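> Below are the sequence and a predicted model for it; my questions follow.
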Amino acid sequence: MLKITSAEFLQGVADLRQLPKNELREIVFIGRSNVGKSSLLNKLCNKKNLARSSGTPGKTREINYYIINNEFYFVDLPGYGYAKVPEQMRAGWKKLIEEFLQRGEPIGLAMQLIDARQEPTPLDLMMMDWLEYYEVPYLLVLTKADKLPFSKLGKTIENFKELFHSQLNEGCCHGIVPFSIMKADGRLDLLKMVQEHIVDRRPTKKKAV
Ligand SMILES: Nc1nc2c(ncn2[C@@H]2O[C@H](COP(=O)(O)OP(=O)(O)O)[C@@H](O)[C@H]2O)c(=O)[nH]1
Ligand SMILES: [Mg+2]
């Protein structure tokens, strides 16, 4: 099982020219503001304040890079869906995210977060369309699962499966995982997926002769 022994904030990126020079595999976190992205990152790393939750939702416009075990990156994309963001900023966000996803190969896995209690928003669906289009393997993570009774959680997962059948081509979706910061089990499921996707797509090292 993957053990996270070190996790540090590396840098914020507002423009793809500022991407870290060291090309390591990336695990990318995507979701609307307030969905629980910072909480998930902190929980996976067992660090209380690694990902800074921004006071004003929608204010973080940068892609935040964290370096994990000196081996791969956790990448926190700016949250979306905050109503008060001006149109011009929204266009900038779209361009940044689309260019980011187009890079393809460095991205080992994306985690698309959706609140377990809510229907996916049009922006959530657009994000999943992009992930499919750019062939990024991704997981659908249903956050705040503790706020739903167990029976309803099962129904929610069924509804998402339906959605994949009817609207998305589901080729790149590697699973639907309920998650709660209150419980340990979702964390282990996600770490297992992280481990698989940093190993599988890692470039082969040169053999010593
Ligand atoms: N009950 C519950 N609350 C959560 C969970 N995850 C996040 N939250 C709360 O939701 C709010 C937004 O979380 P945050 O991680 O800052 O969201 P972000 O904007 O997506 O980074 C905070 O008040 C968190 O404490 C969860 O699994 N269960
Ligand atoms: Mg956050």
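Nice, thanks for sending it over. Ligands and ions are numbered 1, 2, ... in the order given.

> packing partners for the helix or strand containing Lys155?
Assigned by DSSP states H and E, Lys155 belongs to helix 150-166. Applying 3 or more CB pairs under 8 Å, 6 or more residues apart in numbering; DSSP states H and E, we find helix 150-166 packed against strand 138-143, strand 173-178. Bear in mind the C-beta positions are built from the backbone N, C-alpha and C, glycine included.

> most neighbours per residue, which of those?
Comparing those by mean neighbour count (mean count of other CB atoms under 10 Å), strand 138-143 comes out on top with a mean of 25.

> That one vs ligand 2: in contact?
No. Shown here: strand 138-143 not in contact with ligand 2 (CB under 5 Å from the ion), separated by at least 11.7 Å.

> gap between that strand and the chain center?
Centroid separation between strand 138-143 and its chain, computed with CA atoms, centre = their mean, to the nearest Å, is 8 Å.

> follow-up on the earlier one: go through the helices and strands packed on helix 150-166 and name the closest to Lys21.
strand 138-143 (25.8 Å; CB to CB).

> on that earlier part again, kindly reformat the helices and strands packed on helix 150-166 as a markdown table containing distance to Asn42 and mean pLDDT.
Output for the helices and strands packed on helix 150-166, formatted as a markdown table (distance: least, CB to CB, whole Å; pLDDT from 0 to 100):
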| stretch | distance to Asn42 | mean pLDDT |
| --- | --- | --- |
| strand 138-143 | 13 | 95 |
| strand 173-178 | 17 | 91 |
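
> mind putting those strands in TSV, distance to Glu196 included?
Listed next are these as TSV, based on distance: least, CB to CB, whole Å:
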stretch	distance to Glu196
strand 138-143	11
strand 173-178	9
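
> how many neighbours does Asp15 have?
Neighbourhood size, Asp15 [other CB atoms under 10 Å]: 11.

> Spatially nearest residue to the residue in the chain that ligand 2 sits nearest to (excluding sequence neighbours)?
Proximity of the chain to ligand 2 (CB to the ion) peaks at Ser38, 3.4 Å away. Spatial nearest neighbour of Ser38, chain neighbours left out: Ala51 (3.8 Å); criterion: CB to CB, 6 or more residues apart in numbering.

> hang on, the one you found packs against Gly36?
No. Assessed by CB atoms under 8 Å, Ala51 is found out of contact with Gly36, at 10.6 Å.

> residues from this structure in reach of ligand 1?
Neighbours of ligand 1 within the chain, by CB under 6 Å from any ligand atom: 31, 33-39, 53, 79, 143-144, 146-147, 180-182.

> hmm, back to that, let me know whether my guess that the residue of the chain closest to ligand 2 is in a helix holds.
Yes. Ser38 sits within a helix when classified using DSSP: H, G, I helix; E, B strand; the rest coil.

> That one and Leu16: what is the separation?
Per CB to CB, to the nearest Å, Ser38 is found 23 Å from Leu16.

> more crowded one of these two?
Taking other CB under 10 Å, Ser38 and Leu16 do not tie; Ser38 has more neighbours (20 against 13).

> my guess is the more buried one contacts Arg52, does it?
Yes. If you go by CB under 8 Å, Ser38 and Arg52 touch, sitting 6.9 Å apart.
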